[in-house]
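Participant: I'll drop the sequence and a predicted model, then ask my questions.
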Amino acid sequence: MSEKKQPGVWEGFKAFLMRGNVIDLAVAVVIGAAFTNIVNSVVKGIINPLVGAIGTQNLDSYSSCLKDPCTGTGDTATGIRIMWGSVLGATLSFVITAAVVYFLMVLPMSKFLARQAARQKAKAGSQEVIEVSELEVLKEIRDALLAQRGSGNSQN
């Protein structure tokens, strides 16, 4: 009889690429890369100057010395330093990124989806009411036709 033809490698690859989650992931990566530039600009242009009002604008220069003497930088540095300023800068970048993503993307989208779901539920509820009322009308028509037949048979 007729055998089902196995899809080729190319067809399987096309099907893989056309699945929604692959495209969504690709868009997310591109948007995330572009969003990184925005976050870095906010940190360099706003956060670092605010921190600079207290100390220095470069958070990477904040450090503590574990073993004296801590002098020099790079290869000529002596002592043991903990560079907590770079950790603070990375943490601030993360918190800002998370806040912006949540407040500008996740929260509005969840509210939008909740409104859409409420609309769909209301629409489904009204559709059910319409279907029930149509069913009631059809039952009434059926009953009227049966009553008409029944009264027509008894007159003969």
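Facilitator: Nice, thanks for sending it over.
Participant: gap between the host helix or strand of residue 11 and the chain center?
Facilitator: Secondary structure from DSSP states H and E places residue 11 in helix 9-18. Chain-centre distance of helix 9-18: 25 Å, with CA atoms, centre = their mean, to the nearest Å.
Participant: what helices or strands is that helix leaning on?
Facilitator: For helix 9-18, there is no helix or strand it packs on, judged by 3 or more CB pairs under 8 Å, 6 or more residues apart in numbering; DSSP states H and E. To be clear about C-beta, it is placed using only N, CA and C from the backbone, and glycine gets the same treatment.
Participant: Check which helices and strands the following helix or strand past it is in contact with.
Facilitator: Going down the chain from helix 9-18, the next helix or strand is helix 20-42, by DSSP H and E. The helices and strands touching helix 20-42, judged by 3+ CB pairs under 8 Å, 6+ apart, are helix 84-101.
Participant: What residues sit buried inside the helix it packs on?
Facilitator: 85, 89, 92, 93, 96, 97 (16 or more other CB atoms under 10 Å).
Participant: go on, stretch 29-44?
Facilitator: Buried, per 16+ other CB under 10 Å, within stretch 29-44: 35, 39, 42, 43.
Participant: which pair in those residues spans the largest distance?
Facilitator: 35 and 43 (12.7 Å; CB to CB).
Participant: okay, which residue is most central for this protein?
Facilitator: The C-alpha lying nearest the average C-alpha coordinate of the chain belongs to residue 106 (CA atoms, centre = their mean; 5.5 Å).
Participant: Next, report how far the helix or strand bottoming out on mean pLDDT in the chain is displaced from the centre of its chain.
Facilitator: When the helices and strands of the chain are scored by mean pLDDT, DSSP states H and E, helix 48-54 comes last with a mean of 75. Centroid separation between helix 48-54 and its chain, computed with CA atoms, centre = their mean, is 33 Å.
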